[in-house]
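Q: sequence below, structure please.
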Amino acid sequence: MRVVYVSSIPRGGPVSHLLQLGPRVAALGADVLVLCADERLAGSFRERGVEAVALPLRHKLDIAGALRGWDRVNADIVHTHDRRAGLLARPLGRARGAGVVHTLHGLPEEIAPRLGRGSVPGEREAPALRLAWIVHGYLRIEAALSRLGTVVAPSHAMLRFLLEHGFPARRLRWIPYGIEPRPPANPPGGSTLVVGTAANLEPWKGIDVLLDACAHVGAPLVLHVFGEGAERAALESRAARLGVDARFHGFVADLPDRLGGLDLFVLPSRGDNLPLAVMEALAAGLPVVATRVGGIPELVGDGETGLVVDPDDAPALAAAIAALA
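A: From the prediction side, this is the model:
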């Protein structure tokens with residue numbers, strides 16, 4: 001069986017997922033090819049024993065870029081992993097006679113907080129026309145594309161959302177992510193609490209709320225921030241202004257190894273699906289403080305494997321961190 005995976009983004013949760021999924025499917029005996037964003041990422045797949053080719057899709061209307069993969073998608077299964085790849089490569093795979101699968105890893109940032117929560121007040125900051133396009137345009141296009149094959153929803157929250165927005169139930173499958181097991185981390189100990197987070201540094205991840213919370217924990221702590229994004233400079237300035245010892249590391253390829261140096265993992269998202277970073281922290285034996293959004297409550301047992309608080313509630317986040325400190 002020939003399986004072709006298509007991803008147009010260079011990093012992030014969907015890529016981390018695919019770096020584990022591709023080799024596992026190949027180990028089951030499938031002939032696997034990954035079409036990915038750039039040569040650096042293609043090299044990462046090859047290091048894991050999976051054939052990979054850089055096929056950049058530069059924007060959602062890059063039909064010429066997609067057509068460069070025409071011969072490559074001659075497969076039994078074409079499985080796409082982001083909105084751009086799903087829009088361009090699903091029809092291509094279907095035209096070549098392949099079965100097509102699309103994993104919906106997340107929603108546009110403007111409506112991501114709706115996942116598991118319904119409408120939220122923060123949407124007032126988004127332009128009305130943009131919201132209208134996403135709800136009445138983008139979601140309808142995705143629902144129509146789902147009729148080409150199968151759509152994978154990693155969380156129950158995502159599955160419910162798709163059913164509520166006109167996606168045909170017979171095309172949907174709930175399949176949560178898997179991660180490679182690792183030995184539990186050894187907490188660093190000492191009198192200073194070592195807190196970590198890993199996220200795209202964008203507004204919907206709520207790192208600004210985490211900085212506010214850290215400033216009011218009332219116990220000595222250092223915060224390690226793993227990730228990159230448009231908000232990094234503003235967040236660094238905010239940390240300095242609040243007097244929080246926050247160390248920004250940018251994107252790191254060895255996040256599971258870095259988790260071993262933490263006492264506690266925090267993810268203060270305003271909207272999320274089924275964050276791999278939380279799964280990796282739990283697999284490392286770390287307690288997790290996270291927000292009650294998307295599929296996070298499906299991962300973190302409140303009072304059992306961590307603490308769950310409402311999003312945008314810095315005092316509650318600070319209290320949860322202080323309790324675990």
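Q: hmm, what's the outermost residue in this protein?
A: Ser191 (32.5 Å; C-alpha atoms, centre = their mean).
Q: does that residue touch Pro220 like I think?
A: Yes: applying C-beta atoms under 8 Å as the test, Ser191 and Pro220 come out as touching, 6.3 Å apart. Backbone N, C-alpha and C define where each C-beta goes, glycine included.
Q: picking that back up, so which helix or strand takes in the residue farthest from the centre of the chain?
A: Secondary structure assignment for Ser191, by DSSP states H and E: no helix or strand.
Q: residue contacts, it?
A: Shown in contact with Ser191 (C-beta atoms under 8 Å, 6 or more residues apart in numbering): Pro220.
Q: pLDDT value on it, please?
A: We have a pLDDT of 85 for Ser191.
Q: same question for Leu324.
A: So, for Leu324, pLDDT stands at 93.
Q: how many neighbouring residues does it have?
A: Residues near Leu324, counting by other C-beta atoms under 10 Å, number 18.
Q: kindly report the same for Leu201.
A: When neighbours are counted by other C-beta under 10 Å, Leu201 registers 23.
Q: I'd guessed it sits against Ala233; true?
A: No: look at Leu201 against Ala233 with C-beta under 8 Å: they stay out of range, at 9.2 Å.
Q: tell me how far Ala325 lies from Val194.
A: According to C-beta to C-beta, to the nearest Å, Ala325 and Val194 sit 10 Å apart.
Q: now do the shared contacts for these two.
A: Shared contacts of Ala325 and Val194 (C-beta under 8 Å, 6+ apart): 221, 264.
Q: any figure for the gap between the residue farthest from the centre of the chain and Ala219?
A: Separation of Ser191 from Ala219 (C-beta to C-beta): 9 Å.
Q: next, the buried residues of the host helix or strand of Arg84.
A: Under the criterion of DSSP H and E, Arg84 resides in helix 83-95. Neighbour-count burial for helix 83-95, counted by 16 or more other C-beta atoms under 10 Å, picks out 83-94.
Q: make TSV from those residues and add pLDDT and distance to Leu162 to it.
A: Listed next are the buried residues of helix 83-95 as TSV, based on pLDDT from 0 to 100; distance: C-beta to C-beta, whole Å:
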residue	pLDDT	distance to Leu162
Arg83	94	14
Arg84	94	19
Ala85	95	18
Gly86	95	13
Leu87	94	16
Leu88	93	20
Ala89	94	20
Arg90	94	16
Pro91	94	19
Leu92	93	23
Gly93	94	20
Arg94	95	20
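Q: and the contacts of the top helix by length along the chain?
A: The longest helix of the chain (DSSP state H) is helix 13-27. With contacts defined as C-beta under 8 Å, 6+ apart, helix 13-27 is touched by 3, 5, 7, 9, 32, 34, 36, 41, 44-45, 48-50, 81-82, 103, 105-106, 177-180, 275-277.
Q: quick one: buried ones out of the residues you listed?
A: 3, 5, 7, 9, 32, 34, 36, 41, 44-45, 50, 81-82, 103, 105-106, 177, 275-277.
Q: so, low pLDDT: which residues of the stretch 151-300 of the chain?
A: Within the stretch 151-300 of the chain, the ranges that satisfy pLDDT under 70 run 185.
Q: go again using 80 as the cut-off
A: 182-189 (pLDDT under 80).
Q: the residue nearest to Arg94 when sequence neighbours are not counted and Leu104: what is the separation?
A: Using C-beta to C-beta, 6 or more residues apart in numbering and skipping residues adjacent in sequence, the residue nearest Arg94 is Leu148, 4.9 Å away. For Leu148, the distance to Leu104 equals 14 Å [C-beta to C-beta].
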